[in-house]
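**Student:** My questions are about this predicted structure, shown below with the sequence.
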Amino acid sequence: EVQLVESGGGLVQAGGSLRLSCEFSGLTFDTGAIGWFRQSPGKDREGVACISGSYGHIRYADSVQDRFTISRDNAKNTVYLQMNNLKPEDTADYYCAADMTYGPLTLLKGAYNYWGQGTRVTVSS
């Protein structure tokens with residue numbers, strides 16, 4: 001059974017930092033990808049960052065480029081999202097997801113077939 005569990009969300013002031021963790025089990029991260037997505041009330045879920053299993057290729061959404069960093073620790077079966085210089089518009093529920101369809105690296109949520117339950121990030125102004 002594939003499981004993804006997010007942690008690390010919380011309340012932070014604008015300009016602050018948080019690190020989210022996504023611990024996964026039941027899948028082999030040699031291929032495919034793991035991505036971070038976010039969804040705020042009334043908005044569609046959007047891709048934030050993703051990392052491939054094979055070569056560690058990475059993609060970021062324009063809105064988080066140069067502020068967020070995705071990384072992985074294969075020994076711990078964990079993918080991280082370091083979020084710096086947070087803004088109130090980063091407030092959302094953050095989800096990690098696994099794409100085991102072996103397609104091209106993408107931030108499109110439709111490509112991801114396993115999802116975690118989410119962790120909430122609130123950035124106050």
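**Tutor:** That came in fine, so what should we check first? Residues are numbered from 1 along each chain as shown.

**Student:** ok so Asp93 is a strand residue?
**Tutor:** Yes: counting by DSSP: H, G, I helix; E, B strand; the rest coil, Asp93 is located in a strand.

**Student:** Nearest the middle, which residue of this structure would you pick?
**Tutor:** Taking CA atoms, centre = their mean as the criterion, Trp36 is the residue nearest the geometric centre of the chain, at 1.8 Å.

**Student:** List the buried residues for the helix or strand encompassing it?
**Tutor:** Trp36 belongs to strand 33-39 when assigned by DSSP states H and E. Of the residues in strand 33-39, those with enough neighbours to count as buried (16 or more other CB atoms under 10 Å) are 33-38. For glycine as for every other residue, the C-beta is placed from the backbone atoms N, C-alpha and C.

**Student:** Between strand 33-39 and whichever helix or strand comes after it, find me the angle.
**Tutor:** Where DSSP H and E defines the elements, the next helix or strand beyond strand 33-39 is strand 46-52. Angle of strand 46-52 versus strand 33-39, following axes from the mean of the first three to the mean of the last three CA atoms, to 10 degrees, is 170 degrees.

**Student:** Please tell me how far strand 46-52 is from the chain's geometric centre.
**Tutor:** Between the centre of strand 46-52 and the centre of its host chain there is 6 Å, according to CA atoms, centre = their mean, to the nearest Å.

**Student:** Can I get that strand in PDB, CA atoms only?
**Tutor:** Once side chains and other backbone atoms are set aside, the C-alpha atoms of strand 46-52 remain, and they are given as PDB (Å, rounded to 0.1, in the frame of the first residue of the first chain):
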ATOM      1  CA  GLU A  46      -1.700  23.900  -8.100                       C
ATOM      2  CA  GLY A  47       1.700  22.300  -8.400                       C
ATOM      3  CA  VAL A  48       4.500  24.000  -6.500                       C
ATOM      4  CA  ALA A  49       7.600  21.800  -7.000                       C
ATOM      5  CA  CYS A  50       8.500  18.300  -8.100                       C
ATOM      6  CA  ILE A  51      11.500  16.100  -8.200                       C
ATOM      7  CA  SER A  52      12.200  13.000 -10.200                       C
END
